[in-house]
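Asks: Kindly generate the corresponding structure for this input.
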Amino acid sequence: MSDAQQPAATPRFNFEEGEVLLLNKPLTWTSFDAVRKVKNTLRIKKIGHAGTLDPLATGLLILCTGKKTKQIDQIQAQEKEYTGTFRLGQTTPSFDLETPVDSELPYQHLSEADLLAALPQFTGLIEQTPPLFSAVKVNGERAYEVARRGDAAEIKSKQVTITTFELTRVALPEVDFRVVCSKGTYIRSLARDFGAVLGVGAHLTKLVRTRIGEYKLTDALTVDDIQALRPPRPEGEADRPPRPRRERQPERRAGLEYYHASTTAPGAEGAAPEPAS
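Replies: This is a model prediction of the structure:
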């Protein structure tokens with residue numbers, strides 16, 4: 001048998017000793033959902049993620065197991081790359097699709113030249129205020145918990161670095177983008193600020209993390225790939241009768257009610273995928 005005909009080697013992992021696992025996080029899953037799913041599927045005792053992704057973002061989520069969890073701070077401090085879509089002419093309180101549109105402004109007067117002219121002020125070291133609908137702490141409480149109660153809170157701005165901000169498609173009211181940035185940059189805040197400078201408002205409708213440092217989404221595993229790595233049951237458990245399978249109910253996690261309603265309404269493109277079990 002020639003080398004070209006040789007079957008691909010099955011990857012071997014030692015999760016208890018330590019692995020850096022690249023996962024393509026599904027839409028609507030929290031980062032904790034992904035950690036829980038992988039931990040339960042692969043029966044890993046010690047696992048954590050290196051950099052949160054919002055539920056309405058997809059793409060590269062890095063999971064560290066065993067002794068590799070010591071590398072989490074180092075990994076999540078590295079440069080990140082994102083692609084996605086802004087919708088101009090509309091704003092939402094969460095700066096994305098988690099909440100309904102709360103204002104609309106005409107955008108038809110904008111040209112591609114106007115959009116390109118606004119880009120430079122968002123590159124380099126800039127001041128950015130995180131969204132209220134975020135995990136930043138406000139008086140010891142997560143900001144999104146304050147926001148979902150309908151309360152107001154002051155979020156302090158911080159300095160972040162954006163090394164690349166480019167438009168890859170202009171089809172108003174939508175624009176696609178690619179951003180390379182430092183840890184702590186909120187792309188939802190970038191959408192808000194970009195729309196504000198243009199005078200028409202904007203919100204984020206799609207976000208994919210494509211890279212963290214040298215780790216790339218193209219090398220990431222899917223949830224199905226993780227399932228295929230599931231180890232056999234420990235000796236003695238195989239003889240136990242299987243537990244009755246419960247019918248999965250659609251999850252309505254706090255904060256995604258509007259998104260679920262909008263994606264399952266008549267005429268919507270399709271329902272969101274099921275969350276992790």
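Asks: wait, doesn't residue 170 sit right on residue 112?
Replies: Yes. Judged on CB atoms under 8 Å, residue 170 makes contact with residue 112 at a distance of 5.0 Å. Yep, even glycine has a C-beta here, placed from its N, CA and C like the rest.
Asks: Who has more neighbours out of those two?
Replies: Each of residue 170 and residue 112 has its neighbours counted (other CB atoms under 10 Å); residue 170 has more, 15 against 11.
Asks: List the buried residues of the helix or strand hosting the more buried one.
Replies: Taking DSSP states H and E as the definition, residue 170 sits inside strand 158-171. Going by neighbour count (16 or more other CB atoms under 10 Å), the buried part of strand 158-171 is 160-162, 165, 167.
Asks: Repeat that for stretch 209-220.
Replies: Residues 209-212, 215, 217, 220 are the ones in stretch 209-220 that count as buried (16+ other CB under 10 Å).
Asks: and the end-to-end length of it?
Replies: One end of stretch 209-220 to the other measures 11 Å (CA to CA, to the nearest Å).
Asks: Show me what that stretch is in contact with.
Replies: For stretch 209-220, contacts defined as CB atoms under 8 Å, 6 or more residues apart in numbering pick out 20, 22-24, 50-51, 53, 57-62, 75-76, 78-83, 208.
Asks: Tell me which of those fall in strands.
Replies: Among the contacts of stretch 209-220, DSSP state E puts 20, 22-24, 58-62, 80-83, 208 in strands.
Asks: possible to save those residues as CSV with neighbour count?
Replies: What follows is the ones in strands among the contacts of stretch 209-220, written out as CSV (neighbours: other CB atoms under 10 Å):
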residue, neighbour count
20, 15
22, 17
23, 25
24, 20
58, 21
59, 22
60, 25
61, 26
62, 23
80, 23
81, 20
82, 22
83, 18
208, 18
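Asks: Among those, which pair sits farthest apart?
Replies: Of all pairs drawn from the ones in strands among the contacts of stretch 209-220, the greatest distance, 22.5 Å, lies between 20 and 83 (CB to CB).
Asks: Let me see the contact set for residue 88.
Replies: Contacts for residue 88 (CB under 8 Å, 6+ apart) come out as 107, 110, 172-175, 195, 198, 200-202.
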